[in-house]
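Participant: okay, predicted coordinates and the sequence, questions at the end:
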Amino acid sequence: MNAHLPTPLITLSNNTSELLVACFHDDDAFKYRAYTFTYLLLFPVAFLFNVGALVVFLLQHSRSQSSVD
């Protein structure tokens, strides 16, 4: 999916001149930055929550084992 988004020309005008401005998107560079940012943001948070869930699971498991004995 390397199709570029069509960008309309924007006309900025004042009393003396007109300037046509077009935005060009480099989608691959944006995707790389977005994926990197998302990974760096979510991985530590998800890792901490998974460690917390593992601790809760192990504590509940050891508590249920001790009540059986």
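Facilitator: Noted; the coordinates are in hand. Numbering: from 1, shown residues only.

Participant: from here on, contacts and neighbour counts on C-alpha atoms
Facilitator: Will do.

Participant: for the strand or helix carrying Leu59, the averaged confidence score.
Facilitator: Using DSSP states H and E, the element containing Leu59 is helix 27-68. Taken as a whole, helix 27-68 carries a mean pLDDT of 91.

Participant: name the helices or strands packed onto that helix?
Facilitator: Contact here means 3 or more Cα pairs under 8 Å, 6 or more residues apart in numbering; DSSP states H and E; on that basis helix 27-68 packs against no helix or strand.

Participant: where's Gln65 relative to Val51, distance?
Facilitator: In this view, Gln65 and Val51 are 21 Å apart by Cα to Cα, to the nearest Å.

Participant: please read the previous query as pertaining to Ala34.
Facilitator: Distance, Ala34 to Val51, by Cα to Cα: 26 Å.

Participant: please apply the same query to Leu42.
Facilitator: On the measure of Cα to Cα, Leu42 and Val51 end up 14 Å apart.

Participant: also Asp27?
Facilitator: Between Asp27 and Val51 the distance is 35 Å, computed by Cα to Cα.

Participant: the two - which one has more neighbours?
Facilitator: Per other Cα atoms under 10 Å, whichever of Asp27 and Val51 has more neighbours is Asp27, with 14 against 11.
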